[in-house]
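Participant: build me a structure from this.
(one chain, ligands or ions: 1)
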Amino acid sequence: MDNIILTNLDNGVFTITLNRLDKKNALTSAMYLSLTEHFSYASESDDVRCLVIQGNENCFCAGNDLADFLNAKSDEELPAFQFIQRLASFDKPIIAVVAGAAVGIGTTLLLHSDIVVAAENAKFALPFSKLGLCPEAASSYLLPQMVGHAKAFELLVLGGTFDAQQALSLNLINQITSPGALLDTAQQYAKKIARLPSDAVMTSRALIKQSTQLAVSNAMAKEADEFGRLMQTQDCKNILQQFLSKS
Ligand code: COA
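Facilitator: Got it, this is the predicted structure:
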């Protein structure tokens, strides 16, 4: 587990770096637990004014570790859902930094972020139905709000891959950079935010989010029930086994 998630605090900017690059930063249960702890620290610490979550200039996150999904027990609360709740209730600005794969939670966590910077090589996908699963992280509510029903259905149910230009035109991201400029660009945004009066920033953010908060938590509760049920279906298990047998 050592070094799979790295953190750094610099002048109010708390940076979390996913560092399981051999598995495209797929998130295991242990990684979710660690992320949840880091987000809690960032929320509680007066030293943190802005959080950055990143991989490197070639890879952000290939979503949930599919072996973990396959091995999940029907009666256990998934650490993924604990993290999603922590993410949705987080009270400081989040900057997400996307390069290469951004699959599943790698894309849905962007819907909870405040600034998203993506490299030209970013590839987004929400392949839930293809895996025999359903949307999570309130994406069934937030994505239609952002892009309309038809596009949300296309992205969440057909589950095709889309690139940084398409993500920009859908207003899912703020800026596209070259891979080499990605991490620096995100830090520039973070430093700008960290220099602003913290109370004003957090209050503004809370006001921007207030009208969606109840709907987000209702959607997450319903999604978690359905996701947990679908994970135990034979359709889902067969698809996951097929992916893992290729590894
Ligand atoms: N869970 C577990 N392992 C994963 C993974 C995941 N979500 N995503 C990638 N990996 C592993 C691969 O099995 C492979 O392992 P190996 O080297 O031991 O064979 C390694 O990471 C590299 O992945 P690979 O598929 O060779 O890289 P790629 O660049 O060709 O493709 C992806 C990258 C992300 C497009 C592809 O790996 C993928 O589709 N992953 C599954 C994504 C997914 O469905 N996530 C869940 C969403 S809910």
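
Participant: which parts of stretch 177-197 are buried?
Facilitator: With burial defined by 16 or more other CB atoms under 10 Å, the residues of stretch 177-197 counted as buried are Thr177, Pro179, Ala181, Leu182, Leu183, Thr185, Ala186, Gln187, Tyr189, Ala190, Ile193, Ala194. All C-beta spots, glycine's among them, are computed from the backbone N, C-alpha and C.

Participant: burial of the residue lying closest to Pro79 once chain neighbours are set aside, as a residue count?
Facilitator: Closest residue to Pro79 in three dimensions, ignoring its sequence neighbours and counting by CB to CB, 6 or more residues apart in numbering: Tyr32, at 3.8 Å. Residue crowding around Tyr32 was assessed by other CB atoms under 10 Å; the count is 22.

Participant: residues touching the residue most central in space within the chain, list them.
Facilitator: To find the centre residue of the chain, average its C-alpha atoms and take the closest one (CA atoms, centre = their mean): that gives Leu109, at 2.3 Å. Going by CB atoms under 8 Å, 6 or more residues apart in numbering, Leu109 touches Ile53, Cys61, Leu87, Ala96, Ala137.

Participant: so it versus the ligand, what's the distance?
Facilitator: From Leu109 over to the ligand the distance is 12 Å, taken as CB to the nearest ligand atom, to the nearest Å.

Participant: tell me if that residue really is in a helix.
Facilitator: Yes: counting by DSSP: H, G, I helix; E, B strand; the rest coil, Leu109 is located in a helix.

Participant: helices or strands up against the lowest-mean-pLDDT helix or strand in the chain?
Facilitator: Least confident element among the helices and strands of the chain, by mean pLDDT, DSSP states H and E: helix 66-71 (a mean of 90). In this structure, helix 66-71 packs against helix 234-246, with contacts taken as 3 or more CB pairs under 8 Å, 6 or more residues apart in numbering; DSSP states H and E.

Participant: quick one: stretch 82-99 to chain centroid distance?
Facilitator: Using CA atoms, centre = their mean, to the nearest Å, the distance from the centre of stretch 82-99 to the centre of the chain it belongs to is 7 Å.

Participant: just stretch 232-243 next, same as before
Facilitator: 23 Å.

Participant: list the buried ones in that stretch?
Facilitator: For stretch 232-243, the neighbour count (16+ other CB under 10 Å) marks Cys236, Ile239, Leu240 as buried.

Participant: so what touches that stretch?
Facilitator: By CB under 8 Å, 6+ apart, the residues outside stretch 232-243 that reach it are Leu66, Ala67, Phe69, Leu70, Ser74, Lys130, Leu131, Gly132, Leu133, Leu230.

Participant: OK, contacts around the first one?
Facilitator: Think Leu66. For Leu66, the contacting residues are Ala26, Leu131, Leu240, Phe243, Leu244, taking CB under 8 Å, 6+ apart as the criterion.

Participant: if you set the cut-off to 7 Å instead, what comes out?
Facilitator: Leu240, Phe243, Leu244 (CB atoms under 7 Å, 6 or more residues apart in numbering).

Participant: got the residues of this protein near the ligand?
Facilitator: Applying the criterion CB under 6 Å from any ligand atom, the portion of the chain that neighbours the ligand consists of 23-24, 26, 62-67, 101, 103-104, 127-128, 131, 247.

Participant: only the buried subset of these, as a ChimeraX command please.
Facilitator: Restricted to the buried members of the residues of the chain next to the ligand, where burial is judged by 16+ other CB under 10 Å, the ChimeraX selection command reads as follows:
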select :24,26,62,63,64,65,66,67,101,103,104,127,128,131
